[in-house]
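Visitor: fold the stuff below for me.
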Amino acid sequence: MGSLVLGRGRLQVLSRQLLQDEAQEQQAAGLVASPCSAAVRSLPRFDPYILEMYLDDLREMKRQVYNLFKFRPELLPGPEMSKEERRALVRTQLHALLDSGINPLSFFDRDYKKYFYLAECLSLVDLSLMVKSGVQFSLWGGSVLNLGSEQHRRAYFDDIGTFRLPGCFAMTELKHGSNVAALQTEAVLDVLTDEWVINTPDEGAIKWWIGNAAEDGKAATVFARLKVPAQNGQGGLMDHGVHAFIVPLRDEAGRCLPGVEIHDCGYKVGLNGVDNGAIRFSHVRVPRTNLLDRFASVDKSGTYSSPLTSEGRRFAATLGELTGGRVGLTCGSVGVLKGAITIAIRYSAGRQQFGPPDSAEVSVLDYQSTQLKLLPILATAYCMHFAKDHLVSLYCDMKRTKDALLVEEVHALSAGLKAYVTAYTQDALSVCREACGGHGYAAINRLGQLRSDHDIFQTFEGDNTVLLQQVTGTLLKGYRAKFKGAPISSTVNYLKQYIGGALPHNPLVTHETDVRHLRDPTFLRGALRYRVARLLFTLQLRLRNQRARVGDFYAWNSCLSHILALANAHVESVALNAFQTAVEGCVDPDCRRALKALSDLFALRCIESDMLFRNDEFVAPAKVRHSRNRCWALQ
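Guide: Below you'll find the model as predicted:
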């Protein structure tokens, strides 16, 4: 977060940006009048070092990582590197990171907070390095640790952690990505040899876009349909659904093993330091013990057993153990957002263009158009920082307690935040590039490369549209559970007061435009929660009506825009709550005022930009105008 802490020199330029109309409003907002003319206003001033200490309790690791690359410039990528050069560089970067004493797999096993923090740090070094590290340690290593047994840990942990055994996470197929339950790759038990036979039945089942596969991968966690001989004596196979298996890919010399065919996916839009490949299996045999058997096992006779009674529960438990990948992507995307807005604000503060007659040129950041572009992004970057910290904290609690409600909560929140943050960051990268004018187009300034590399964050680890639907599914489940008296997770607990209908309108609140009210945390928090509750209430009515006519699938499809809006609204509500909690917890008054200004700006932007508040008469037109004015005043 240190990249967002504004230095004193830039504060002198930025200090004119927080506009307030009257002395009463300045007092209500806790702002100090600027010694400049009446037309020039003042940002809250703060000590950036105090703010950094509050934001970033692991900053020493950040300095260690950044210093490693700062003092070894040969480890940093250049804009004219070929795919082969980029891949070789990323391997060198990863080995340098390990040689410096940083072991990502140990963090992932023992200190999740440090692991996710490392992902955020690496995102601004090289996104290819961050992603390759994630494939090796979170996906390949994490699948072995989380889906396997102690036997698998002993066999693979050290070699995965030191990169002696580069590996892959072979889930996605040519025909199926998001629909994991429909994967076609087969793992059939041969009871005579006590082996699994891994096979790709057709071209649609080729494993595709598999990271580490094209060059480095020596083994993979392969997701395949587990099939055993039917126990009824009538022949045939019993399909127990998708399970995970460890499958060797290459020998020590790097040659593909018999039955394994790997092709390079070639140049991509971005992340060309990651060697993505396609894998086809032709009756590859692996020992029966290569099944990652935490949730299900098969004995020598082919008898299948599991502590979970249904295929659906086993599948959900398996995917639930892989949420760490989404948390890591969220952290990396937040890191990119911080870096991009820092570049754009620094440039806009220093760049001067035009000005009054016979006067010096004005900083680009002094123009309202630039403020409207950049400062909402700055506010959102801070908001997503605290929301990300909240998610990481929940994830750590989930791994420690194994609480079922917490597992569901982390699954939904990681899906929602990953979708929201990556989509927002991708849009923000374009805005930041444009705000830097022609200089933003220079490759050396990184915004173009960040935009290309980050683009795929919206797709892998779950397509954003699919993930948002999972969030809404969880909200609907909580809605129904509350009527049945069942417990619901803490993240959606605020909805209890709204379930059964929406808040009655209060005309005094609807029309209130006083600045104290518009910047009241209770009003802002309540407004975003009201929107979630209203969307949830109306969605369940629409789904119920549609189901009666067209059935579940088409009812859901006909409401998809509503479903996605609800999920995004929920994420913004949870994020604002995390931001406001952080503001309240900041003991330094100057830093707290600065954070509150950004928190208010984020919330007011959400209200001002969503037609629901006007269409639903939650706020009157005059109040919307004043909310927009407050947004301008906070920039």
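Visitor: now the strands: where do they sit in this structure?
Guide: 167-170, 186-190, 195-199, 207-210, 219-229, 237-248, 260-264, 277-281, 284-287, 297-298, 304-305, 352-353, 362-363 (DSSP state E).
Visitor: who touches the fourth one?
Guide: The one in question is strand 207-210. Residues lying outside strand 207-210 but in contact with it, judged by C-beta atoms under 8 Å, 6 or more residues apart in numbering, are 168-174, 185, 200, 213, 217, 220, 222, 265, 276-280, 460. Any C-beta I mention is one placed from the backbone N, CA and C, and that applies to glycine too.
Visitor: likewise the third one?
Guide: Outside of strand 195-199, the residues that reach it under the criterion C-beta under 8 Å, 6+ apart are 185-190, 222, 224, 245, 247, 281-288, 290-291.
Visitor: right, so the strands of the chain: which one is the most enclosed?
Guide: Each of the strands of the chain was given a mean neighbour count from mean count of other C-beta atoms under 10 Å, and the largest, a mean of 30, is that of strand 167-170.
Visitor: kindly export that one (C-alpha atoms) in PDB.
Guide: Extracted in PDB, the C-alpha atoms of strand 167-170 (Å, rounded to 0.1, in the frame of the first residue of the first chain):
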ATOM      1  CA  GLY A 167       3.900 -28.500 -11.800                       C
ATOM      2  CA  CYS A 168       0.600 -27.700 -13.400                       C
ATOM      3  CA  PHE A 169      -3.000 -27.400 -12.400                       C
ATOM      4  CA  ALA A 170      -4.700 -29.200 -15.200                       C
END
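Visitor: list the strands paired with that strand, with their directions.
Guide: Listed by DSSP bridges, the sheet partners of strand 167-170 and their directions read strand 219-229 (parallel).
Visitor: quick one: A119 and V392, what's the gap?
Guide: Taking C-beta to C-beta, to the nearest Å as the criterion, A119 is separated from V392 by 10 Å.
Visitor: over to Y54?
Guide: Computed as C-beta to C-beta, the Y54 to V392 distance reads 16 Å.
Visitor: equivalent analysis for A582, please.
Guide: According to C-beta to C-beta, A582 and V392 sit 13 Å apart.
Visitor: next, count neighbours for the nearest residue to H517 once chain neighbours are set aside.
Guide: Excluding the flanking residues, the one nearest H517 by C-beta to C-beta, 6 or more residues apart in numbering is F523, at 5.8 Å. In terms of burial, F523 registers 15 neighbours under the definition other C-beta atoms under 10 Å.
Visitor: pick out whichever of A119 and V392 has more residues nearby.
Guide: A direct count of neighbours by other C-beta under 10 Å for A119 and V392 places A119 higher, at 28 against 22.
Visitor: coming back round to it: got any residues that touch both of A119 and V392?
Guide: Common contacts of A119 and V392, defined by C-beta under 8 Å, 6+ apart, comprise C331.
Visitor: the stretch 351-500 of the chain: helices as residue ranges?
Guide: Ranges of helices within the stretch 351-500 of the chain are 368-401, 404-435, 447-454, 464-483, based on DSSP state H, counting those that start in this stretch.
Visitor: got a markdown table for these, with distance to D194 and mean pLDDT too?
Guide: Formatted as a markdown table, the entries for the helices of the stretch 351-500 of the chain read as follows, by distance: least, C-beta to C-beta, whole Å; pLDDT from 0 to 100:
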| stretch | distance to D194 | mean pLDDT |
| --- | --- | --- |
| helix 368-401 | 34 | 95 |
| helix 404-435 | 34 | 95 |
| helix 447-454 | 44 | 96 |
| helix 464-483 | 38 | 87 |
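Visitor: now those helices in a markdown table, with distance to A230?
Guide: Below are the helices of the stretch 351-500 of the chain laid out as a markdown table (distance: least, C-beta to C-beta, whole Å):
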| stretch | distance to A230 |
| --- | --- |
| helix 368-401 | 37 |
| helix 404-435 | 33 |
| helix 447-454 | 48 |
| helix 464-483 | 33 |
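Visitor: quick one: which of those is nearest K132?
Guide: When the helices of the stretch 351-500 of the chain are compared for distance to K132 using C-beta to C-beta, the nearest one is helix 447-454, at 11.9 Å.
Visitor: run the angle between the closest one and helix 404-435 for me.
Guide: Using axes from the mean of the first three to the mean of the last three C-alpha atoms, to 10 degrees, the interaxial angle of helix 447-454 with respect to helix 404-435 works out to 150 degrees.
Visitor: what does helix 447-454 rub up against?
Guide: The contact list for helix 447-454, computed with C-beta under 8 Å, 6+ apart, reads 79, 127-128, 269-271, 333, 336, 339-340, 343-344, 422, 425-426, 429-430, 432-433, 436, 440-441, 443.
Visitor: pull out the buried residues from those residues.
Guide: Buried subset of the contacts of helix 447-454 (neighbour count, 16 or more other C-beta atoms under 10 Å): 127-128, 270-271, 333, 336, 339-340, 343-344, 422, 425-426, 429, 432-433, 436, 440.
Visitor: how about stretch 76-90: buried residues?
Guide: For stretch 76-90, the buried set under the neighbour-count rule, 16+ other C-beta under 10 Å, comprises 77, 83, 86-87, 89-90.
Visitor: restricted to helices, list those residues.
Guide: Filtering the buried residues of stretch 76-90 for membership in helices, criterion DSSP state H, returns 83, 86-87, 89-90.
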